[in-house]
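Peer 1: structure, please.
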Amino acid sequence: MTAIKVCGMRHPDDIEACREADYLGFVVSSVSHRNLGAERARELMSLCDNTKVMVTTETNGKSLEAMVSRLEPDVLQLHSAPDLDLMERMSACVETWAVLGVREGACIGAEMLGGCSALLLDSPGRQGGGTGRVHDWSISRRIRDALHPFPVILAGGLMADNLENAISVVRPYGVDMSSSLEAAGGKDPGMVREAIDRIRGRHT
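Peer 2: Purely as a prediction, here's the structure:
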């Protein structure tokens, strides 16, 4: 079954709306408008029964170790260009995911992933991804096939209307959604429910 991650938790209501997801993402130390201060992130994570993912563009190892120690996430998602030394360092203290901006010619070998346990494939952007745009899924499928059985997570412009097609094309371990599930500044329970129902085959 395809794993589900919803990123960009900002309010307790977001967490409640996304209870059925497998992973919830909390953005810290980033220029994203969904960025949380450390105390706010810690407060929200304490309300979460899902697997907690700390998403960050921070690349300083000492700063990352301090944040991981303070927030105690289940997973660290390094939303920056893959850095083998940094990934190996962080994977020694927390499960770590890497991110790759998918563009023509993009490729990555398992030997470049250090101790990471998953690779998130996202549409390219200044911060490695998070643009909310769809990319060429055929490229993601080639990367997925080259790395299989290493887990890949598909992101980038995923919404209820294209989720089933995206999963059929790429066959990822999981999918990651954020902006497509938002309305009025927070996660919309109806949008979240429809997306999860489609992924889990419960829609009519």
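Peer 1: count the residues that sit near residue 46.
Peer 2: Residues near residue 46, counting by other C-beta atoms under 10 Å, number 10. Bear in mind the C-beta positions are built from the backbone N, C-alpha and C, glycine included.
Peer 1: now do residue 44
Peer 2: Counted with other C-beta under 10 Å, residues neighbouring residue 44 total 20.
Peer 1: so what's it up against?
Peer 2: By C-beta atoms under 8 Å, 6 or more residues apart in numbering, residue 44 lies in contact with 9-12, 15, 26, 36.
Peer 1: tell me which of those fall in strands.
Peer 2: Judged by DSSP state E, the subset of the contacts of residue 44 located in strands is residue 26.
Peer 1: among the contacts of residue 44, name the buried ones.
Peer 2: Neighbour-count burial (16 or more other C-beta atoms under 10 Å) applied to those gives 9-10, 15, 26, 36.
Peer 1: mind telling me the two of those farthest from one another?
Peer 2: 15 and 36 (12.3 Å; C-beta to C-beta).
Peer 1: any residues in contact with both of these two?
Peer 2: Here residue 15 and residue 36 have 9, 44 as joint contacts, going by C-beta under 8 Å, 6+ apart.
Peer 1: so what's the spatially most central residue of the chain closest to, chain neighbours aside?
Peer 2: In the chain, the centroid-proximal residue (C-alpha atoms, centre = their mean) is residue 176; its distance is 5.0 Å. Take residue 176 and drop its neighbours on the chain: the residue closest to it by C-beta to C-beta, 6 or more residues apart in numbering is residue 155, 3.9 Å away.
Peer 1: close enough to count as contact, that neighbour and residue 172?
Peer 2: No. With contact defined as C-beta atoms under 8 Å, residue 155 does not count as touching residue 172 (9.3 Å).
Peer 1: what touches both of those two?
Peer 2: residue 121.
Peer 1: nearest to residue 48 among the contacts of residue 44?
Peer 2: Once C-beta to C-beta is applied, the member of the contacts of residue 44 that ends up nearest residue 48 is residue 15, at 5.4 Å.
Peer 1: ends of stretch 72-88, what's the gap?
Peer 2: 18 Å (C-alpha to C-alpha, to the nearest Å).
Peer 1: what mean pLDDT does that stretch have?
Peer 2: Stretch 72-88 carries an average pLDDT of 91.
Peer 1: next one: stretch 184-197
Peer 2: 94.
Peer 1: cool, thanks, signing off.
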